[in-house]
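Novice: sequence and predicted model, in that order:
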There are 2 protein chains.
Amino acid sequence: MTHVRLSDDELPTELQDALERHDLRDAQLLLGQRPPHVIADELARMNAVDAVVAFRLLEKDEAIKVFEELEPVDQQAILMGLRDTAFRELVEELDPDDRVRMLHEAPAKVVQRVLAGLSAHERQMTAALLGYPEGSVGRYMTPEVVAVDRHLTVRQALDHVRAKGADAETIYTLPVVDAGRRLIGVVELRELVLSPSGRDVLDLVAADAPRVYASDPAEDAARLMRETNTLDLPVVDSEERLVGLLTIDDAVEVIEEADTEDVVRQSGSAPWSGHYMAATVWQLARHRVVWLLLLLLAATLTVAVTDAFEKTLEQVTQLALFIPLLIGTGGNIGAQAATAAVRALALGEVRGSDLPVIIWRECRVGLVLGTMLATLGMALGTAFVGAQIALVVGVALVIICGWAATVGGTMPLLAKRLHIDPAVVSAPMVTTLVDATGLVIYFLTARAVLGM
Amino acid sequence: MTHVRLSDDELPTELQDALERHDLRDAQLLLGQRPPHVIADELARMNAVDAVVAFRLLEKDEAIKVFEELEPVDQQAILMGLRDTAFRELVEELDPDDRVRMLHEAPAKVVQRVLAGLSAHERQMTAALLGYPEGSVGRYMTPEVVAVDRHLTVRQALDHVRAKGADAETIYTLPVVDAGRRLIGVVELRELVLSPSGRDVLDLVAADAPRVYASDPAEDAARLMRETNTLDLPVVDSEERLVGLLTIDDAVEVIEEADTEDVVRQSGSAPWSGHYMAATVWQLARHRVVWLLLLLLAATLTVAVTDAFEKTLEQVTQLALFIPLLIGTGGNIGAQAATAAVRALALGEVRGSDLPVIIWRECRVGLVLGTMLATLGMALGTAFVGAQIALVVGVALVIICGWAATVGGTMPLLAKRLHIDPAVVSAPMVTTLVDATGLVIYFLTARAVLGM
């Protein structure tokens, strides 16, 4: 048994060296000693050709385990590099839900080859899963479920599990159904094992176990599982008939993908499903450029504002000294408030209807922070340019902070109300918006305080 | 059986209204219809007094379920509002690992009252868990494990599970141990149920199942479980003796907490364990102010830089127009790169040793982005102030973008090498750093292009 050491389970760069030297024997030895998820990590970092070569070196049983650990994009790349028999074997071995995730966004060429390689039964299950909308529970659930008839006893149910369980992805959560396959509830294998064998299964059915529709968003279902500590969630169609199970390992995957997407969006990049190290410079640039261009356009506002106040600025050039500091601070406060709001929305702590509460509290938080920062800001200002401009900086800081926190905390909720993903309200977007208005506040304050 | 509707499972504000009207009957009716996690959400949003009142209205069985769904801070608040008998009953019912999480960071008053209320056996288990360092696997694992002796047959093992399973948190993952309680491996209940009853358990033990030490970081263990699709992870002490199991529901909790912490840190706030809606204005301000003050101090650099170039600025006041645009864009690019790097580190896609690769690729990404943005920037510049200053803006944009992406992508890895949490390299920190250097680049470019 391998002991996985958490601190250092990295496959040495020796593997890549061995491949470069075309020393396949050495590469095979290196691969043989590692657990599947470590090998998968390593393949994901390689270019496609090296990855296929390394993948072919794996033992057959090991290969399928490694393949299952790979992200869909990497799976597709490896599949396309395999010969026909190896291809068919690999695809047949996959669970239907893993197969669907791989086919999601795959080029038509891959989809065709995969579906053609399947047995009739496997093809049917995959196609059924593919019918559900992207991001829905249907895409992630497993259809290979052991359903238990409502009229069975514990002993009969256990016999049924033994007869049907080998092919199912899990046998720990057993949906209980009526003759029309309508879901009555679930019984846990734990209950069956610990209960007297003559008891009716119906007595053990959990009365308040949640269920979801196959068309529900997978992220909501996964977060529900987390909140309710549910191992597997039964999935039904619109007529309440059992169609599958969402298992916890897939739910964890869904949550992590959603978190990554939120984080990346929050920084003003387009979400991106691949491995960071495998992305090319062009791919990275393409995912980041759209928002940057939009934000640059929006930043024209700051040019226009400064332009409008050019006279003020010519009279007191020293005002320019504090522009970066003021808009920087406003941006920081806006980003803090926006991030807190987006995360609270994602975790379900905040709802659209909380908008007035949030406006009121973030405004006060901003003013409190602004007052603290103004004290420091005025001290700095006095040191550099004297008391009068320092006063301008201090007053402007208080107002800008109150405004920035309000905008940052509010915009994600507004987006939610407009049915836009709140994470799209990225920190850079809030920052840019606050920049322009912050300048207006600054120059108006200057005019008022300096009596211009 | 309740059907949980994902789109709208909010407990209406009617509950809060009922409590304000002191209509406890009505409140009780409203509570009775909701699943535990929805009630817990609602309690977390209330002030402490209302929450205790609402909690007391719950049926005894329901109360413990709701309590388990609450965050530790909310649990402590409710506990302190209960009378002695209710208190003792509630604490006894909790699983030892949940109890430890509640006691973590609790005031000494709460800790004492909780430990005093426990039976000797329960107190011993809780105290054992409390001995592990904060954030370690030991704090999250359950010690209530059904261990199977290596010499048993499948039938004997199942009998053992039936005899001991009722008190354990899970019976799906069964650690197999030798006479000295040293861990041999694990067998899944699934294997026991599906295998012939005469078979030796040792034949079914998974050869490559991972294990962790109780002192290992819980986040690493949880991410390992996610990568390997493991349901429960056996936990051993330094002598490889079994001490507990890390279950998947606790692992999901660990991952979500870590993600929230990263996100919040990334925006330059201190991490914060409570519910967003329950935080007071002062608490929110306190968590955000430290970084803001530090960043404001750092922003003095921008004042100093602008001050140093005041002559240049006085000669060509129009240069001031583009200060917000340039440093804003630099900040955005730096934040994108930093966020991508922090997330890739958290997911284990990038390691400290990748530093040279990352410097090289982020530098190129920045230059590519800078070139695209410069085209737009020069068009804008020409429209506002003419071709010469537009050229300054364009050239400065290319250099600033290359520099900002390099700094943003690199700093989290440097932090990791210095054993600092990479998420501490927040977007605002990168932005502030890039602001000052960006100004230097801008003014130097201006001098060179304008021949000053």
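Specialist: The structure has been received and is ready for your questions.
Novice: so for the nearest residue to A:Val212 once chain neighbours are set aside, what's the pLDDT?
Specialist: Once flanking residues are discounted, A:Val212 sits nearest to A:Ala221: 4.6 Å by Cβ to Cβ, 6 or more residues apart in numbering or on different chains. For every residue, glycine as well, the C-beta is placed using N, CA and C. The model reports A:Ala221 with a pLDDT of 94.
Novice: for the one helix or strand A:Leu373 maps to, packing partners?
Specialist: Using DSSP states H and E, A:Leu373 sits within helix A:355-385. Packing partners of helix A:355-385 (3 or more Cβ pairs under 8 Å, 6 or more residues apart in numbering or on different chains; DSSP states H and E): helix A:323-346, helix A:387-417, helix B:281-308.
Novice: so what's A:Ala337 closest to, chain neighbours aside?
Specialist: With Cβ to Cβ, 6+ apart, the residue lying closest to A:Ala337 is A:Gly408, at 3.3 Å.
Novice: what residues are up against that neighbour?
Specialist: A:Gly408 is in contact with A:333-338, A:341, A:362, A:430, A:434, counting by Cβ atoms under 8 Å, 6 or more residues apart in numbering or on different chains.
Novice: output the below-cut-off pLDDT ranges for chain A.
Specialist: Along chain A, the parts satisfying pLDDT under 70 run over A:1-12, A:105, A:108, A:117, A:127, A:207, A:272-273.
Novice: where along it do the strands fall?
Specialist: Under the criterion DSSP state E, chain A contains strands at A:148-149, A:173-177, A:183-188, A:212-213, A:232-236, A:242-247.
Novice: format those strands as JSON lines; extra columns: mean neighbour count.
Specialist: Shown next, in JSON lines, are these (neighbours: other Cβ atoms under 10 Å in any protein chain shown):
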{"stretch": "strand A:148-149", "mean neighbour count": "20"}
{"stretch": "strand A:173-177", "mean neighbour count": "25"}
{"stretch": "strand A:183-188", "mean neighbour count": "22"}
{"stretch": "strand A:212-213", "mean neighbour count": "22"}
{"stretch": "strand A:232-236", "mean neighbour count": "26"}
{"stretch": "strand A:242-247", "mean neighbour count": "26"}
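Novice: those strands into JSON lines, with extra columns for distance to B:Val236?
Specialist: Shown next, in JSON lines, are these (distance: least, Cβ to Cβ, whole Å):
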{"stretch": "strand A:148-149", "distance to B:Val236": "36"}
{"stretch": "strand A:173-177", "distance to B:Val236": "28"}
{"stretch": "strand A:183-188", "distance to B:Val236": "27"}
{"stretch": "strand A:212-213", "distance to B:Val236": "37"}
{"stretch": "strand A:232-236", "distance to B:Val236": "28"}
{"stretch": "strand A:242-247", "distance to B:Val236": "27"}
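Novice: mind checking how far the residue nearest to A:Val212 is from B:Glu69?
Specialist: 17 Å (Cβ to Cβ, to the nearest Å).
Novice: so these two - more neighbours on which side?
Specialist: Set A:Ala221 next to B:Glu69 and count neighbours by other Cβ atoms under 10 Å in any protein chain shown: A:Ala221 wins out with 28 against 20.
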